[in-house]
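Asks: Fold the following and give me the result.
(chains A and B)
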2 protein chains.
Amino acid sequence: MKRKCFAGESCPIARSLDVIGDWWSLLIVREALLGKRRFSEFQKSLGVAKNILTVRLRKLVAYGILEMVPATDGSTYQEYALTEKGRGLHIVLMALWQWAEGCLFESGGQEFVLVDRKDGEFVRPLALQAKDGRSLGPGDVNFVPRQKSECRQPEPSTKNGKKLR
Amino acid sequence: MKRKCFAGESCPIARSLDVIGDWWSLLIVREALLGKRRFSEFQKSLGVAKNILTVRLRKLVAYGILEMVPATDGSTYQEYALTEKGRGLHIVLMALWQWAEGCLFESGGQEFVLVDRKDGEFVRPLALQAKDGRSLGPGDVNFVPRQKSECRQPEPSTKNGKKLR
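Replies: Numbering: from 1, shown residues only, chains lettered A, B, ... in the order given. The predicted model follows:
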């Protein structure tokens, strides 16, 4: 389905959604980040039909999110490894995780929590930060045409920018 | 479609995907963050069929992401306003934006860029941070059972945790 966007077809959010626009794809990436590499491992952990998994894996390879590599055990199997682009989705998954943690679980209802591997402490909530480290909320950012931004002039007006409320 | 998860049905990522599990919903949230409040505004900017938009808006209200409020101009129309839970999706959208910025555009192909409203500077890439401020990559976090995490003991082993690669 074609989606319209404030910047035509070039909105990065819409473009991301076009690429990882079905939840199976993101769940496959989640499993890959957890160490799954083989078709049978994905199939077992996700419980998804083989034909659907085949299509999704092919799509993820075509988009350069996964790549086919020789099996690490020297067998003739091929495995699916995350590319750098695929590993970049880690932040998207962490944002989804933290949003659910904050909003979709009743107190004590969550079985697993996200911790720092080094010391077992909770990690900080993701926050958008300015160049100087200030936290930026939805109302603190603008979407401006690239040319304008390349001037890097301070922006007293939002006339040509889109401000998130 | 039912999705399996390493923590059964309780994985926060899967739960988020169940709630905002179609891209129209996230694009509606994007438009709401940009200031859209009326059915006709969403319909115009997204170009989505009215019946689909009706269903999506109802779902977002049912999930507490949007709420119906009286029109700000005093007319009899009702408007859709983001709740705190809905505004919390800002970080998810920013993660999708930045991932696309880094991976899905050829050099110079992006029309709009995300800047700090105060000074027009680019914002920092989102990064997961430890309690002490260290940046945490996929391999630096664990998903551990809640009870275990509440002890807050350092974790020398990943035996009972899931480590992201």
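
Asks: Would you tell me whether stretch A:110-122 gets close to chain B?
Replies: Yes - for stretch A:110-122, a contact with chain B is found by C-beta under 8 Å from any C-beta of the partner chain, at A:110-122. For every residue, glycine as well, the C-beta is placed using N, CA and C.

Asks: now the end-to-end length of stretch A:75-88.
Replies: With C-alpha to C-alpha, to the nearest Å applied, stretch A:75-88 spans 29 Å between its terminal residues.

Asks: tell me the strands in chain A, going along the chain?
Replies: For chain A, the strands defined by DSSP state E occupy A:66-70, A:78-82, A:112-116, A:141-145, A:162-163.

Asks: What's the per-residue pLDDT of residue A:117 here?
Replies: Looking at residue A:117, its pLDDT stands at 94.

Asks: Then residue A:129?
Replies: pLDDT, residue A:129: 95.

Asks: go on, residue A:3?
Replies: The score at residue A:3 is 39. That number is its pLDDT.

Asks: Tell me the buried residues within the residues of stretch A:110-122 next to chain B.
Replies: Neighbour counting by 16 or more other C-beta atoms under 10 Å in any protein chain shown classes A:110, A:111, A:112, A:113, A:114, A:115, A:116, A:117, A:120, A:121 among the residues of stretch A:110-122 next to chain B as buried.

Asks: re the thing from before, TSV please, covering the strands of chain A and showing distance to residue A:56.
Replies: Putting the strands of chain A into TSV (distance: least, C-beta to C-beta, whole Å) gives the following:
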stretch	distance to residue A:56
strand A:66-70	10
strand A:78-82	11
strand A:112-116	24
strand A:141-145	31
strand A:162-163	33
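
Asks: and residue A:124, how far is that from residue A:58?
Replies: The gap separating residue A:124 from residue A:58 is 37 Å, by C-beta to C-beta, to the nearest Å.

Asks: When the two are compared, which one has more neighbours?
Replies: More crowded of residue A:124 and residue A:58, by other C-beta atoms under 10 Å in any protein chain shown: residue A:124, with 17 against 11.

Asks: so what's the more buried one up against?
Replies: B:128, B:129, B:130, B:131, B:133 (C-beta atoms under 8 Å, 6 or more residues apart in numbering or on different chains).

Asks: quick one on the thing from earlier: need the residues of stretch A:110-122 next to chain B in TSV (columns: distance to residue B:78).
Replies: Shown next, in TSV, are the residues of stretch A:110-122 next to chain B (distance: C-beta to C-beta, whole Å):
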residue	distance to residue B:78
A:110	34
A:111	38
A:112	39
A:113	38
A:114	38
A:115	43
A:116	45
A:117	48
A:118	50
A:119	49
A:120	47
A:121	45
A:122	39
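
Asks: so what pLDDT did residue A:159 get?
Replies: Residue A:159 carries a pLDDT value of 44.

Asks: Residue A:113 too?
Replies: Here the pLDDT value assigned to residue A:113 is 87.
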